[in-house]
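K.L.:
Just to be clear, the model below is a prediction. Sequence and coordinates:
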Amino acid sequence: MTPKKQLFFTALFLLASTPQNKAQAATFIAGLQGGYGHGHAETTSAYEGQTDHPVPAKRRSGVHGPLGGLFLGTDFEIGEKCILGLEANGFLSSIKDTEIITNTSTPNSTTDIINQKLKSSLDVLLKLAYRLDPIALYFKVGPSYGWWHFKSTLSDIPIKYAKKKGLFGVKFAFGVEGDIVKNLAWGIEYNHTFLQSHTFQRPFDATNATPHRVKPNYGAILVRVMYKFR
C-alpha cells in the first residue's frame with residue numbers, strides 16, 4: 001500500500017473513531033404531557049344594526065382549560081453541548097369559552113349563547129437545545145393543526161348551529177428538561193399556538209350579516225415525563 005493510501009485510510013479511521021462522531025447517535029423519546037391552557041378567540045362580526053340580535057362588532061373572548069397528550073421524538077447530539085431534535089405531539093383539549101350576550105332592546109329580550117372549544121391538536125416541531133448539566137434548555141418551533149368547535153343558539157329560535165373546522169397554525173415553545181434516572185426524564189414547557197382565522201355563518205342570521213370571523217390563539221404550561229431509548 002502506498003504512503004498516500006495509508007494516510008487516507010488512517011484519516012478515515014480517526015474520523016470514524018472521534019468522540020464528536022459518536023455523539024451524533026440518535027436518542028429516541030416517548031412521553032406523556034399535561035397542563036393548563038389559556039388564550040383568546042378574537043372575533044369580528046358586523047351584526048349591529050343588521051339583525052334583531054346584535055353582537056358586538058369586535059370582541060376578545062378568553063378561552064381556557066386543561067389539555068394533555070402524547071409525544072414522540074428523536075434527539076441528535078451535536079458536539080458536547082448542542083442538541084438538534086424533531087418532535088411530534090398529539091393533544092386532547094378542553095380549552096373553551098362560553099359567551100352569553102343578552103339583547104334587551106326588543107320587547108322580548110333574547111339571549112345569544114356562543115360556545116367555542118379546541119377539541120384536539122397535532123404538531124411537528126423542530127427542537128434546538130443546549131445542555132447545562134444536569135439540565136438542558138430548549139426552543140421549539142413548527143406547524144400545528146387544531147380542530148376548533150363553534151356552537152351557537154338563540155333563546156327565541158329553536159335552532160342550534162354547530163360546526164367543527166380544522167385550522168392550520170404555528171407553535172412556539174421553550175422549556176427545560178433533565179434526567180430522573182438513567183432513561184427516565186422530566187420536563188417543564190411553555191408553548192403558544194397561533195391558529196389561522198376562519199368564518200362561521202349561522203343559518204338564523206340575516207342574509208346580509210357578516211359571518212363570525214374568529215382568530216384563536218392560546219398558550220399552555222405543560223409538565224412532561226419521558227422515556228429515552230439510548
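P.N.:
Okay, I see it. Residues are numbered from 1 along each chain as shown.
K.L.:
Let me know the pLDDT of residue 162.
P.N.:
We have a pLDDT of 87 for residue 162.
K.L.:
Tell me which residues touch the residue nearest the centre of the chain, please.
P.N.:
Geometric centre of the chain, nearest residue: residue 193, 4.6 Å, by Cα atoms, centre = their mean. Going by Cβ atoms under 8 Å, 6 or more residues apart in numbering, residue 193 touches 39, 121, 123, 144, 146, 169, 170, 171, 217, 218, 219, 220. All C-beta spots, glycine's among them, are computed from the backbone N, C-alpha and C.
K.L.:
Over to residue 100?
P.N.:
Counted by Cβ under 8 Å, 6+ apart, residue 100 has contacts 111, 112, 113.
K.L.:
so how far is residue 145 from the residue nearest to the centre of the chain?
P.N.:
Per Cβ to Cβ, to the nearest Å, residue 193 is found 10 Å from residue 145.
K.L.:
Residue 120 now?
P.N.:
Remark: distance between residue 120 and residue 145 (Cβ to Cβ) = 9 Å.
K.L.:
Please apply the same query to residue 36.
P.N.:
21 Å.
K.L.:
Quick check: which element contains the residue nearest to the centre of the chain?
P.N.:
Using DSSP states H and E, residue 193 sits within strand 184-195.
K.L.:
try residue 127
P.N.:
Assigned by DSSP H and E, residue 127 falls in strand 110-132.
K.L.:
Let me have the contacts of residue 100 in TSV, extended by neighbour count.
P.N.:
As requested, those are exported to TSV (neighbours: other Cβ atoms under 10 Å):
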residue	neighbour count
111	14
112	20
113	15
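K.L.:
export those residues to CSV and tack on pLDDT?
P.N.:
Output for the contacts of residue 100, formatted as CSV (pLDDT from 0 to 100):
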residue, pLDDT
111, 76
112, 77
113, 82
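K.L.:
out of the residues you listed, which one sits closest to residue 96?
P.N.:
In terms of Cβ to Cβ, no member of those lies closer to residue 96 than residue 113, at 12.9 Å.
K.L.:
hang on, that closest one packs against residue 102?
P.N.:
No. Applying Cβ atoms under 8 Å as the test, residue 113 and residue 102 come out as separate, 9.7 Å apart.
K.L.:
follow-up on the earlier one: give me the mean pLDDT for the strand holding residue 193.
P.N.:
97.
K.L.:
who's in contact with residue 92?
P.N.:
Taking Cβ under 8 Å, 6+ apart as the test, what residue 92 contacts is 67, 68, 69, 119, 120.
K.L.:
Just the angle for the helix or strand where it lies relative to strand 110-132, thanks.
P.N.:
Taking DSSP H and E as the definition, residue 92 sits inside strand 82-103. Between strand 82-103 and strand 110-132, the angle comes out at 170 degrees (axes from the mean of the first three to the mean of the last three Cα atoms, to 10 degrees).
K.L.:
For strand 82-103, buried residues please.
P.N.:
Neighbour-count burial for strand 82-103, counted by 16 or more other Cβ atoms under 10 Å, picks out 83, 85, 87, 89, 91, 93, 95, 96, 97, 99, 101, 103.
K.L.:
Ok, stretch 216-226 next?
P.N.:
216, 218, 219, 220, 222, 224, 226.
K.L.:
These: which two are farthest apart?
P.N.:
216 and 226, at 28.0 Å, using Cβ to Cβ across the buried residues of stretch 216-226.
K.L.:
quick one: low-confidence ranges for this structure?
P.N.:
1-24, 45-58, 103-109, 156, 158, 204-210 (pLDDT under 70).
K.L.:
what are the ranges of the helices in it?
P.N.:
3-16, 19-22 (DSSP state H).
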